[in-house]
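> I'll drop the sequence and a predicted model, then ask my questions.
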Amino acid sequence: MPGGAAWPHRWPVRVYFEDTDAGGIAYHATYLRWAERGRTESLRAMDLPHQLMIQRHASLLVVRRVEVEYVAPARLDDALVVETRVRRLGGASVDLGQDIVAEGGGVRARLKVGLVCVRAEGMRPLAIPEPWRGALQAALEPGSG
């Protein structure tokens, strides 16, 4: 099975000028972009990128819902890490927890993200195909359902 990725998966990001508002604070929507990159890179770290799912199964994982709690501001030039965890795995769905933390510690934002696997044509739900299912199952946090 592919996927020697360590969990939680960690992806570094930095706050650039383009990410901030007039006060040098990371704009709220920027956190969603960072989280997307973290999710994408977590699949790539398992050797199972989105593009492969599209090519092999004509399916993809799409965001069904997202909840963000902004804990503390991220500021211009801050070094951050997006930590991605698999919290729940269903037939066609996967729930992730993502924390965006300062490199030296301290949570900046917490995200709960619900993904659903859909057929590329028609966007109808579809069971998560192997080997993605097995890799996500292996990454499932102990005690999660």
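On my side now, so go ahead. Numbering: from 1, shown residues only.

> Centroid-nearest residue for the chain?
In the chain, the residue lying closest to the centroid (CA atoms, centre = their mean) is Arg39, at 2.6 Å.

> got the contact list for it?
Neighbour list for Arg39: Thr84, Leu96, Gln98, Val113, Leu115 [criterion: CB atoms under 8 Å, 6 or more residues apart in numbering]. For every residue, glycine as well, the C-beta is placed using N, CA and C.

> Tell me which helix or strand Ser42 sits in.
If you go by DSSP states H and E, Ser42 is part of helix 30-45.

> List just the nearest of the contacts of Arg39 to Gln55.
Checking the contacts of Arg39 against Gln55 by CB to CB gives Leu115 as the nearest, at 18.7 Å.

> quick one: low-confidence parts of this structure?
Residues of the chain that meet the criterion pLDDT under 70 lie in 1-5, 145.

> which element follows the helix or strand containing Glu83 toward the C-terminus?
If you go by DSSP H and E, Glu83 is part of strand 79-89. Once the chain leaves strand 79-89, the next helix or strand it forms, by DSSP H and E, is strand 93-102.

> other SSEs contacting that following strand?
The helices and strands touching strand 93-102, judged by 3 or more CB pairs under 8 Å, 6 or more residues apart in numbering; DSSP states H and E, are helix 30-45, strand 79-89, strand 107-119.
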